[in-house]
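Colleague: Quick one: sequence and predicted model below, then my questions.
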Amino acid sequence: MVILVVGVWATEEAMSILVSAVCAATGTGQEFVDFRFDANERNFIYLLLLGAVPASAQVMAEVARRLRVDPASRAVRRLTPLWTELVAVCAREIPSPAEQVSSVGSARRLHRMTVEIRDCLLVLGRYSEPAPDYLPEAMAETVQIMRALHRKRSGAAPGRYVRLHASAPGRDIVDERRTLRSIAAHWDEAAAHVAALNYGMEHNDHDHSEADPCPGAEATASAVPSAGPG
């Protein structure tokens, strides 16, 4: 668009210069000649600045990529903790996870990470339970994934497949990345939430075992007749 504007503007400049030259040669339209003379001095600078915009855009994009502040690099940094944990647990079930090689472009690395996270979520569907309904949607999705991850990591047997919302069909790659970034943003909070749930469950089990260390022992003892004297 910028190139088109510059092209039209340059064409208008060339035509007006031609007309003003004709006017100057014939001695007519002196006011128009003076106006074009002043305007051409300013317009030349404006044309240079406007023409530099598309030329510098690619340079700025390359600088941002090398400094790793471009959108793809920022998305890679945000998804890395999520990707690392999922791949570590599901490495045997997904096709050869990629290594984080710095020489690979950030856009390509982001695409590979997105595909591998999707593969891991499909694996974790066999260890998943319905998302909790007492949490906001994004947090509930993240807790659902985190609980499935803990179940698989602890060696639980796979069960009935439950499709995780983040791997639901019909999503394009842009929508999928947006959802994964939302999950990554809640990842640490979900980990703390699941850890608190597991801690509470362990303490409840411990309290029950202390209150009744050997269920039925009291009844068994009362059923044994006491030895009489002699």
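Modeller: Good, I have the coordinates.
Colleague: What segments of this structure are helices?
Modeller: Using DSSP state H, the helices of the chain run over residues 2-26, 30-66, 71-90, 106-124, 137-153, 173-185, 187-211, 217-223.
Colleague: Present those helices as CSV; the columns should include mean neighbour count and mean pLDDT.
Modeller: Using the backbone N, CA and C atoms, a C-beta is placed for each residue, glycine as well. As requested, the helices of the chain are exported to CSV (neighbours: other Cβ atoms under 10 Å; pLDDT from 0 to 100):
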stretch, mean neighbour count, mean pLDDT
helix 2-26, 13, 68
helix 30-66, 12, 72
helix 71-90, 18, 92
helix 106-124, 20, 91
helix 137-153, 21, 92
helix 173-185, 16, 88
helix 187-211, 12, 72
helix 217-223, 9, 44
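Colleague: Would you format these as CSV with distance to residue 130 included?
Modeller: Output for the helices of the chain, formatted as CSV (distance: least, Cβ to Cβ, whole Å):
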stretch, distance to residue 130
helix 2-26, 51
helix 30-66, 41
helix 71-90, 20
helix 106-124, 14
helix 137-153, 7
helix 173-185, 17
helix 187-211, 15
helix 217-223, 38
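Colleague: between those helices, which gets nearest to residue 165?
Modeller: helix 137-153 (5.1 Å; Cβ to Cβ).
Colleague: Next, the angle helix 71-90 makes with the closest one.
Modeller: Helix 137-153 runs at 40 degrees relative to helix 71-90, counting by axes from the mean of the first three to the mean of the last three Cα atoms, to 10 degrees.
Colleague: packing partners for helix 137-153?
Modeller: helix 71-90, helix 106-124, helix 173-185, helix 187-211 (3 or more Cβ pairs under 8 Å, 6 or more residues apart in numbering; DSSP states H and E).
Colleague: which residues sit against that helix?
Modeller: 85-86, 89-90, 121, 123-125, 127-133, 135, 158, 164-166, 179, 182-183, 185-187, 189-191, 193-194, 198 (Cβ atoms under 8 Å, 6 or more residues apart in numbering).
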